[in-house]
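Novice: Got a sequence here, can you build the structure:
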Amino acid sequence: MTFAIPDPSLPRPRLRAALRWLLAAIYIAFGIVHLRGAHGFLAIMPPWVPYPLEVVLFTGVCEILGSAGLLIPRLRWISGVMLALYAVCVYPANLHHAFGHVTVSSLPSSWWYHGPRLAFQPVFVWWALFAGGVINWPFRKVPA
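Specialist: Reported below is the predicted structural model:
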């Protein structure tokens, strides 16, 4: 299976590169936190998720591998797609944490934490797709 290498002529190459490196750093940090503190995240897992510990560990691995893939040109596109899908897939845990009145000792429980976290999740989806060269919005070139 081969994937198209993103076109280097995509709009805003410096912005895209900076956002790619920043997103990779964030997801590497998240991945390490998920791997090192997996038991702390079990409380926010919705009850319908099977094998919650394994799922938390898997999310950490996905975050780290997705980050690495963003930095490898041949894997950048598919990594952007997979990190966007990942952000969609973990949203139920964020919703459960916010609305299920779940308390986690290492995380805030106020809406000052949950509100921005829930609102920012779609931005993470866009960010992964933009950083991976999958989409150009809102920076697409407009024909004259």
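Novice: what does the average pLDDT come to for whichever helix or strand Y27 is part of?
Specialist: Using DSSP states H and E, Y27 maps to helix 13-36. Averaging pLDDT along helix 13-36 yields 94.
Novice: Show me what that helix is packed up against.
Specialist: Here helix 13-36 touches helix 52-70, helix 76-89, helix 111-131, going by 3 or more Cβ pairs under 8 Å, 6 or more residues apart in numbering; DSSP states H and E. Bear in mind the C-beta positions are built from the backbone N, C-alpha and C, glycine included.
Novice: Show me which positions of it end up buried.
Specialist: 16, 19-20, 23-24, 27-28, 30-31, 34-35 (16 or more other Cβ atoms under 10 Å).
Novice: residues in contact with stretch 12-21?
Specialist: Residues outside stretch 12-21 that contact it (Cβ atoms under 8 Å, 6 or more residues apart in numbering) are 10, 70-71, 76, 127, 130-133, 139.
Novice: Contacts only, for the nearest residue to F41 once chain neighbours are set aside.
Specialist: Excluding its sequence neighbours, the residue lying closest to F41 (Cβ to Cβ, 6 or more residues apart in numbering) is V56, at 4.7 Å. Taking Cβ under 8 Å, 6+ apart, we find V56 in contact with 34, 38, 41-42, 45.
Novice: likewise L107?
Specialist: 97, 113.
Novice: again, only this time at 10 Å
Specialist: L107 makes contacts with 40-41, 43-44, 97, 113-114, 117, as judged by Cβ atoms under 10 Å, 6 or more residues apart in numbering.
Novice: Then R36?
Specialist: Contacts here follow Cβ under 10 Å, 6+ apart; on that basis R36 touches G60.
Novice: Point out where the chain drops to low pLDDT.
Specialist: Residue ranges of the chain with pLDDT under 70: 1-11, 139-144.
Novice: Let's see that with 50 instead.
Specialist: Within the chain, the stretches with pLDDT under 50 are 6.
Novice: hmm, back to that, just name the closest of the contacts of V56 to L85, please.
Specialist: Proximity of these to L85 (Cβ to Cβ) peaks at H34, which lies at 16.6 Å.
Novice: Thank you, goodbye.
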